[in-house]
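[1] Provided below are the primary sequence and the corresponding predicted coordinates.
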Amino acid sequence: MDYSQSAAGAFLGAYNFLALTDPARDEIALAAWNQLFEGTVSPAVERGEVDETGTFKPAVPLPVAFQIETCSESTAVVKIAFESSVGASGDALTYDAYAALRLPVVYRGGQWVVILDDAARARSSEHGIESLSGWTTLTYSGA
């Protein structure tokens, strides 16, 4: 098993799908979405998120942490946390909190592919996380 077929590789594959495919603002991003993300259409396409010039608005913030929920040689469930000011009910929070995406992935054809069918979509997000204890936190040089 090489580095790419590891828990860290699963995280990178899961985040790369977000960075490459949302908001699916061009032909390359849409092709990446179709190749790396099974079971749904691009959220930006669903929502029609375009600015006044007709280009899609970037919607993917930098992750602050990740957690590997399960991992084997060929499957993993990756949770990616982002800073958030919104709770599970959509209300504004008055404290620092995080939201997370839960992404099941499979290792296929030399890369991690996100599988988000209806069952996975129902469990794909978590809001109002108050602590990143137990998460692998990420830091960025110069950020």
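    Arrived safely.
[2] The strand ranked longest in the chain: what's the following helix or strand?
    The longest strand of the chain (DSSP state E) is strand 92-108. Going down the chain from strand 92-108, the next helix or strand is strand 111-115, by DSSP states H and E.
[3] That next one pairs with which strands, parallel or anti?
    The strands that strand 111-115 pairs with in its sheet are strand 37-38 (parallel), strand 92-108 (antiparallel) (by DSSP bridges).
[4] Which positions in the longest strand of the chain come out as buried?
    Within strand 92-108, the residues that qualify as buried are 97-107, counting by 16 or more other CB atoms under 10 Å. Glycine gets a C-beta too; all of them are placed from N, C-alpha and C.
[5] so which one among those residues has the lowest pLDDT?
    Within the set of the buried residues of strand 92-108, pLDDT is lowest for residue 97 (84).
[6] so that residue makes contact with residue 81?
    No - the pair residue 97 / residue 81 is not scored as a contact, 9.9 Å apart, by CB atoms under 8 Å.
[7] overlap in contacts of the two?
    residue 129 (CB atoms under 8 Å, 6 or more residues apart in numbering).
[8] mind saving the C-alpha coords of the helix or strand where residue 69 lies as CSV?
    Using DSSP H and E, residue 69 sits in strand 65-71. The C-alpha trace of strand 65-71 is given here as CSV (Å, rounded to 0.1, in the frame of the first residue of the first chain):
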residue,chain,number,x,y,z
ALA,A,65,-9.2,19.9,10.8
PHE,A,66,-10.0,16.4,9.6
GLN,A,67,-10.9,13.1,11.3
ILE,A,68,-10.9,9.6,9.8
GLU,A,69,-14.0,7.9,11.1
THR,A,70,-13.2,4.5,9.5
CYS,A,71,-10.5,3.3,7.1
